[in-house]
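Chemist: Structure of the sequence below:
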Amino acid sequence: MPNLNSPQQRAVSTIEGPVLIIAGAGSGKTRVITYRIVAMLDLGIPQSAILALTFTNKAAKEMETRIKEITGKKLQNLTVCTFHAFGVKILREEIEAIGYRKNFSIYDETDRDQRIKDSLRECKISPGNVDVYAIGQLFSKIKTELTDWGDSANSTYKDVYEAYNRGLKLFNAVDFDDLLALPLKIFTEFPEILEKYRKKYRYIMVDEFQDTSFIQYRLMRLLAWREDANQSANICVVGDDDQSIYSWRGASYENIARFERDFPGTVEIKLEQNYRSTTTILEAANGVICNNTNRKEKRLWSGNSGGKPIELFYPQNESNEADFIAGEIKRIRFQEHVKFDDFGVLVRTNSMMRAIEEAFLAGNIPYTVSGGTSFFHRKEIKDVLSYLRVIGNLDDDVNLLRIINTPRRGLGDAVVEKLGKIVETRHCSIWDALETLQNAPNVLFAAEMGRIDIQEFIALIEKHRAEMLSKRNLSQKVRRLVDEIDYWSYLVTEFSKNEKLARWKFANIDTLIDSIHTWESDPDNFDPTLYSYLNRVSLISQNDGDDGDKGKVNLMTIHAAKGLEFPVVFIAGVEDGVIPHTRSLEEGGIETTAGGIEEERRLFYVAITRARDKLFITSCQQRRRQQTTINCLPSPFLAEIPTHLIEIHAPIQKTVEEEKAESAQFFANMKKMFRTNT
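Modeler: All right, here's what the predicted structure looks like:
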C-alpha cells in the first residue's frame with residue numbers, strides 16, 4: 001500500500017485473527033481503516049463478508065467514499081454504518097422473532113416522552129407530578145445496561161417501564177435504545193439467528209473503539225465470537241484510550257481491556273507517528289497524558305521537528321481573555337496570511353463562549369459555533385433582546401410576535417389572529433394593530449380582560465421605551481425590565497420539574513446584563529445607547545469574510561473538536577474548576593472522582609492535539625459567575641506540560657504599518673456596509 005509507515009502497513013496487512021490497533025491522535029487512523037478494507041477486497045474477501053462499524057453517519061460516508069475512489073467499485077454489498085444503523089438492519093430482517101411486525105416505527109424523543117406519559121397514567125401516576133425527561137433518561141440507562149433497578153428510589157418506575165415497553169410493542173414501535181437492545185435480545189434468545197450473522201460477517205472492524213458502550217461491546221462480541229477453538233475471530237478494533245471522553249453517555253475505555261481478555265492471542269499494533277502536530281505540541285500532550293494510570297503506554301512523535309513554543313497568557317478576566325484571543329487572531333491573520341477557518345478556539349463548556357463571541361463581534365471577526373448554541377441564540381437571551389428591539393423599533397413585527405405572550409399574559413392565539421386580520425386589512429404594523437384593538441368595541445373580546453391585557457402590554461413597552469432611549473445606565477434599565485416582566489417566574493413555570501435548568505437560564509440573562517454593563521462602561525465607548533448596542537449584537541449574523549475569504553473562526557467545545565484539527569488553536573479558560581471541571585470531580589465517591597480527573601485530563605489532551613502548528617492557552621486570574629467575581633487558579637494540568645515548551649505571553653506592539661493596514665481595512669468594511677444598506 002502506498003505512503004504507509006511500517007506500523008500502518010502491518011495494521012493494514014494483518015487480516016486474520018483479533019487485532020487491536022491503538023491509534024494515537026493524528027496517526028492516520030481513517031487512512032489505515034480504509035486501506036485495510038481495500039486489502040481485504042484485494043484478497044478476494046467478498047464485500048458481503050465485511051462489516052465496518054463507525055460512530056457517525058459522516059464517518060461512515062467518508063470511509064465508503066474513500067474505498068470507492070481507491071477501488072473503483074460500487075460496493076453495493078459492503079456494510080459500513082453506525083452501530084444504530086446496523087441495529088435497524090438486523091431488526092428489519094429479524095424483529096418478527098420477538099413478536100413485532102417488520103414495518104415497525106422508530107420513536108424519536110418526543111414520541112418517547114408521550115409514550116411515557118401514557119404509561120404513567122396507566123399506572124395511576126400524574127405526568128404533571130414527575131420529571132418525564134428524567135424518567136426517559138432512566139429508561140435509557142436501563143435498556144443500555146448502564147444501571148439496574150436495584151433498591152433505589154428509581155424502582156418506583158419499574159411498573160411504568162414495563163407498561164412503556166408493552167405500549168411500544170402494542171403500537172409496533174421501538175425507541176432509539178431498542179436499536180441496540182433488541183438485536184442483542186434476538187442474538188441471545190435465538191442462537192440460530194446469531195449463527196446466521198456470524199457466518200455472514202466473517203470480518204468485522206470497529207472504529208473509535210474507545211467510545212463504545214458496554215451494550216455495543218456485547219453486541220460486537222456476540223457477532224465476532226467463534227465457538228470452534230480452531231477458528232479465530234477476524235475482528236479488528238481501532239481506538240485510543242487517551243481520547244475516551246464520553247463516559248457521560250456510556251462510553252467505556254475499559255472495553256479495550258475487555259477485548260484483550262475476551263479474544264486471546266490479540267495482535268496489538270500501535271500507531272504513534274503523528275502526522276498533524278509539531279514536536280512541541282506532541283511533547284506537551286505526552287507530558288500531560290502520561291500522568292493517567294489507566295491507559296495503554298504510548299508516546300506520540302512527529303516528523304515535524306521543532307515547532308513554535310506554546311504561549312501561555314494569564315488575562316485578568318474573561319473579557320481580557322476574549323480581547324486577547326480576538327487580537328491574536330487578527331494579528332496572525334495579518335502577519336502570516338492565515339485564513340479565519342484555520343483558527344480553532346476551544347472551551348470546556350459552551351457557557352464560556354459569550355465573552356469570546358462579543359470580542360469577535362467587536363473585532364468584526366466571522367465565526368461559527370459548534371458543540372453548543374451561540375450565547376445570543378439561546379431562547380432566554382433572544383427573548384430579552386426581542387424586548388429591546390421592540391422598544392427600539394415599535395414596528396418590528398417579528399420580535400413583537402416573539403414577546404407578545406412571553407411571559408404569558410393572556411395575549412394568545414386568538415388575539416394574534418385578530419391582530420393578523422387588522423394588519424391584512426389596514427396594511428399596518430402589528431403595533432398599530434394592537435393600538436387599534438386597544439380602542440376597539442367590546443364586541444371584539446370575549447371578556448374585558450383581553451382589552452386590559454393589551455393595554456398593560458402597550459403601557460409596559462411605552463414605559464421602558466421612554467426610559468431606555470436615554471443614554472445612561474442601559475444595563476440597569478434592562479434589569480428593571482426583566483424584573484417587571486417577572487421572567488424568573490416564567491422560567492420556573494416552564495421548567496417546573498427542573499429548577500436547576502431554570503436557574504441556569506436566568507444566570508445567562510444575568511451574564512447578558514453584565515456584558516451590557518461592561519460595554520457601556522468602556523471609556524472608549526462614545527455612544528452607549530440602546531440603538532448602538534442592538535446594532536452591535538445584530539452584527540453577529542453578518543459573519544461573512546471581508547475580503548472574499550468565506551472562512552470563519554471555529555468556536556467550539558472541546559468535545560465537539562474531537563477528530564478535527566486546526567493550524568492555530570486557542571484553549572480558553574484553563575483554570576482549576578473549569579478543566580478539570582468541578583462537576584466531574586464532585587459526582588460520586590473516590591473511585592468516580594479518580595475516573596473523573598483522568599477523563600478531564602484526556603479532554604485536555606484532546607484539546608492540545610487539535611493544534612497543528614501553534615497553540616495558545618489562556619488562564620484567567622478572575623472570572624465572573626452569576627454576578628460574583630471569583631479568583632481563579634491555573635489548572636493543575638498546566639504544571640504537567642514541560643516548562644521548556646512554554647513561553648509566557650507578552651503583549652506584542654503593533655508596527656505603524658500594521659496599524660495603517662488595520663485602519664484601511666476598517667474603512668473598507670464601512671464602505672462595504674454602506675453599500676449594502678443603500
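
Chemist: My read is that residue 182 contacts residue 173, right?
Modeler: No. Judged on C-beta atoms under 8 Å, residue 182 makes no contact with residue 173 at a distance of 11.5 Å. Glycine gets a C-beta too; all of them are placed from N, C-alpha and C.

Chemist: Those two - which one has more neighbours?
Modeler: residue 182 (22 against 17; other C-beta atoms under 10 Å).

Chemist: What mean pLDDT does the helix or strand harbouring the more buried one get?
Modeler: In the assignment (DSSP states H and E), residue 182 maps to helix 178-189. The average of the pLDDT scores along helix 178-189 is 95.

Chemist: so how far is that helix from its chain's centroid?
Modeler: The chain centroid and the centroid of helix 178-189 are separated by 29 Å under C-alpha atoms, centre = their mean, to the nearest Å.

Chemist: cool, stretch 636-647 as well?
Modeler: The answer for stretch 636-647 is 28 Å, by C-alpha atoms, centre = their mean.

Chemist: for stretch 319-331, same thing?
Modeler: The answer for stretch 319-331 is 23 Å, by C-alpha atoms, centre = their mean.

Chemist: Run through who's touching it.
Modeler: With contacts defined as C-beta atoms under 8 Å, 6 or more residues apart in numbering, stretch 319-331 is touched by 313, 315, 340, 343, 345, 355-356, 358-360, 362-363, 365, 518, 553, 568, 570, 572-573, 616, 618, 620, 649, 652, 654, 658, 662.

Chemist: follow-up on the earlier one: next, the buried residues of the helix holding residue 182.
Modeler: 178-184, 186-187 (16 or more other C-beta atoms under 10 Å).

Chemist: try stretch 72-81
Modeler: 75, 78-81.

Chemist: Would you mind pulling up the elements that the helix holding residue 182 packs against?
Modeler: helix 83-94, helix 132-143, helix 191-200, helix 214-224 (3 or more C-beta pairs under 8 Å, 6 or more residues apart in numbering; DSSP states H and E).

Chemist: between the shortest one and helix 83-94, how many degrees?
Modeler: It stands for helix 191-200. Angle, helix 191-200 to helix 83-94, by axes from the mean of the first three to the mean of the last three C-alpha atoms, to 10 degrees: 120 degrees.

Chemist: Which elements pack onto helix 191-200?
Modeler: Using 3+ C-beta pairs under 8 Å, 6+ apart, helix 191-200 is in contact with helix 178-189, helix 214-224.

Chemist: Show which residues not belonging to the last one make contact with it.
Modeler: Under the criterion C-beta under 8 Å, 6+ apart, residues 18, 51, 53, 83, 87, 144-146, 180-181, 183-184, 187-188, 194, 197-198, 201, 204, 206, 212, 233-235, 250, 252, 255, 258-259, 262-263 lie in contact with helix 214-224.

Chemist: Can I get the next helix or strand after that helix in CSV, CA atoms only?
Modeler: Counting by DSSP H and E, the element after helix 214-224 in chain order, helix or strand, is strand 235-239. Extracted in CSV, the C-alpha atoms of strand 235-239 (Å, rounded to 0.1, in the frame of the first residue of the first chain):
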residue,chain,number,x,y,z
ILE,A,235,-12.2,-8.8,14.3
CYS,A,236,-10.2,-5.5,14.3
VAL,A,237,-10.9,-2.7,16.7
VAL,A,238,-9.3,0.7,16.3
GLY,A,239,-9.2,3.3,19.1
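
Chemist: packing partners for strand 235-239?
Modeler: Applying 3+ C-beta pairs under 8 Å, 6+ apart, one finds that strand 235-239 contacts strand 19-23, helix 29-42, strand 203-206, helix 255-262.

Chemist: residues touching residue 428, list them.
Modeler: Taking C-beta under 8 Å, 6+ apart as the test, what residue 428 contacts is 422, 436.

Chemist: Wait, a strand at it?
Modeler: No. Under DSSP: H, G, I helix; E, B strand; the rest coil, residue 428 sits outside any strand and is assigned coil.

Chemist: State the distance from it to residue 435.
Modeler: The spacing between residue 428 and residue 435, counted by C-beta to C-beta, to the nearest Å, is 9 Å.

Chemist: again with residue 534
Modeler: Distance, residue 534 to residue 435, by C-beta to C-beta: 23 Å.

Chemist: likewise residue 144?
Modeler: 56 Å.

Chemist: any low-confidence regions in the stretch 151-300 of the chain?
Modeler: Where the stretch 151-300 of the chain drops to pLDDT under 70, the residues are 151-154, 227-232, 248-249.

Chemist: 80 - rerun?
Modeler: The model of the stretch 151-300 of the chain has pLDDT under 80 over residues 151-155, 226-232, 246-253.

Chemist: show me what contacts residue 199?
Modeler: By C-beta under 8 Å, 6+ apart, no residues touch residue 199.

Chemist: quick one: it from residue 265, how far?
Modeler: Distance from residue 199 to residue 265, by C-beta to C-beta: 21 Å.

Chemist: what's the farthest-apart pair in the buried residues of stretch 72-81?
Modeler: For the buried residues of stretch 72-81, with distances taken as C-beta to C-beta, the pair at the greatest spread is 75 and 81 (12.3 Å).

Chemist: pLDDT score for residue 666?
Modeler: 48.

Chemist: now, which of the buried residues of helix 178-189 sits nearest residue 125?
Modeler: Of the buried residues of helix 178-189, the one sitting nearest to residue 125 (C-beta to C-beta) turns out to be residue 178, at 22.9 Å.

Chemist: hmm, back to that, how about the helices and strands packed on strand 235-239 in JSON lines, adding distance to residue 269 and mean neighbour count?
Modeler: What follows is those, written out as JSON lines (distance: least, C-beta to C-beta, whole Å; neighbours: other C-beta atoms under 10 Å):
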{"stretch": "strand 19-23", "distance to residue 269": "5", "mean neighbour count": "25"}
{"stretch": "helix 29-42", "distance to residue 269": "9", "mean neighbour count": "20"}
{"stretch": "strand 203-206", "distance to residue 269": "13", "mean neighbour count": "22"}
{"stretch": "helix 255-262", "distance to residue 269": "13", "mean neighbour count": "17"}
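
Chemist: would a markdown table of the ones you listed with distance to residue 127 be doable?
Modeler: Formatted as a markdown table, the helices and strands packed on strand 235-239 follow (distance: least, C-beta to C-beta, whole Å):
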| stretch | distance to residue 127 |
| --- | --- |
| strand 19-23 | 46 |
| helix 29-42 | 45 |
| strand 203-206 | 39 |
| helix 255-262 | 37 |
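
Chemist: distance between the helix or strand harbouring residue 119 and the chain's centre?
Modeler: Element membership for residue 119 (DSSP H and E) is helix 109-122. Here the centre of helix 109-122 is set off from its chain's centre by 27 Å, with C-alpha atoms, centre = their mean.

Chemist: same question, stretch 101-117
Modeler: 25 Å.

Chemist: Can you give me the first-to-last residue distance of that stretch?
Modeler: End-to-end distance for stretch 101-117: 24 Å, by C-alpha to C-alpha, to the nearest Å.
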